[in-house]
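Visitor: this one's structure only:
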């Protein structure tokens with residue numbers, strides 16, 4: 001059994017990445033930005049993903065959502081566009097403040 005060993009200090013701030021595939025399908029994964037989701041950190045993540053578009057790179061996204069562990073993989077040559085935003089849980093927490 002996999003345990004949830006990573007906490008926010010170890011993994012960074014959660015962001016959601018929505019991928020639009022060449023086929024027209026969309027799906028969303030979660031990733032983490034070290035040091036918080038600053039403009040600079042999100043641009044670096046976006047630039048990194050954009051540089052992999054059209055390549056045979058497989059991008060991996062392991063993450064916890066509540067008590068469930070997910071491991072998603074994306075073939076970057078199948079991605080036509082993507083969007084990065086704060087993870088839904090992070091946005092809800094900020095709205096309550």
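Guide: Arrived safely. None of these values were measured; they are calculated from a predicted model. Residues are numbered from 1 along each chain as shown.

Visitor: in whichever helix or strand residue 80 is part of, what counts as buried?
Guide: With elements taken from DSSP states H and E, the one containing residue 80 is strand 79-86. For strand 79-86, the neighbour count (16 or more other C-beta atoms under 10 Å) marks 79, 82, 84, 86 as buried. C-beta: built from backbone N, CA, C; applies to glycine.

Visitor: same question, stretch 19-32
Guide: Neighbour count says stretch 19-32 has 19, 29, 30, 31, 32 buried, by 16+ other C-beta under 10 Å.

Visitor: bridge partners for the third one, pull those for me.
Guide: In this structure, residue 30 has the following beta-bridge partners (DSSP bridges): residue 16.

Visitor: gap between it and residue 60?
Guide: 12 Å (C-beta to C-beta, to the nearest Å).

Visitor: now do the first one
Guide: For residue 19, the distance to residue 60 (C-beta to C-beta) stands at 13 Å.

Visitor: give me the phi and psi for residue 25.
Guide: The phi/psi pair for residue 25 (degrees, to the nearest 10) reads phi -70, psi 150.

Visitor: thinking again about what came up before, which residues are in contact with the strand holding residue 80?
Guide: Applying C-beta atoms under 8 Å, 6 or more residues apart in numbering, the contact partners of strand 79-86 are 13-22, 37, 42, 45-46, 49, 53, 91, 94.

Visitor: what ranges do the strands span in this protein?
Guide: Secondary structure of the chain by DSSP state E: the strands cover 13-21, 26-33, 58-65, 68-75, 79-86.
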